[in-house]
Structures are given as structure tokens and as C-alpha cells.
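>>> Have a look at this prediction, sequence included:
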Amino acid sequence: MTEPLHVRWKPGTLDTLLVTSPHGTLEWHILIFERVFGRAAMDVLYLRGNVKLQREALPEATGSSAA
């Protein structure tokens, strides 16, 4: 299962991104973004200022833990 990500520049910065998912918004450094999504996604980000991507969804957290 995948989930959508919306990535845009953090205003006033040259190397920080705001990454919004259904779980909230995080700040990522541009180098982390490039390592995870590759150069092609960075090219779109530089040209348009934002990009929408899909990534593998993280498993849901459960209340029980296996000990």
C-alpha cells in the first residue's frame, strides 16, 4: 500500500523542504530527499517548486508488543 507525499520548499530557505503526508508535516534536508527519491524528483522540485510523490506506507502502530 502506498501513501501520497507533497513536497515543497520551506519559505526562506535554500536547503530545507516541507514534506506533508497523511500523518503530518516534517522538515527534510534536500540531501535526504535526493537520497530517498533520486535526482529526477529533485529536478521536478527545482523546476516547479513542489512535487507530489507516492511511497510505501508504514505499517500501522499497534498497542501490543511482542516480548
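Now that the structure is in, tell me what you want to look at.
>>> Quick check: mean pLDDT of the longest helix along the chain?
If you go by DSSP state H, the chain has its longest helix at helix 39-48. Mean per-residue pLDDT for helix 39-48: 95.
>>> Now do that helix: everything it contacts.
Outside helix 39-48, the residues that touch it by CB atoms under 8 Å, 6 or more residues apart in numbering are 7, 9, 17, 30, 33-34, 51, 53. (Glycine included, C-beta is placed from N, CA and C.)
>>> Which secondary structure element is home to the residue nearest in space to the middle of the chain?
Central residue of the chain (CA atoms, centre = their mean): Val19, 4.2 Å from the mean position. Per DSSP states H and E: Val19 is located in strand 16-21.
>>> Just the buried residues of that strand, please?
For strand 16-21, the neighbour count (16 or more other CB atoms under 10 Å) marks 17-21 as buried.
>>> Run the chain-centre distance for it.
The chain centroid and the centroid of strand 16-21 are separated by 5 Å, computed with CA atoms, centre = their mean, to the nearest Å.
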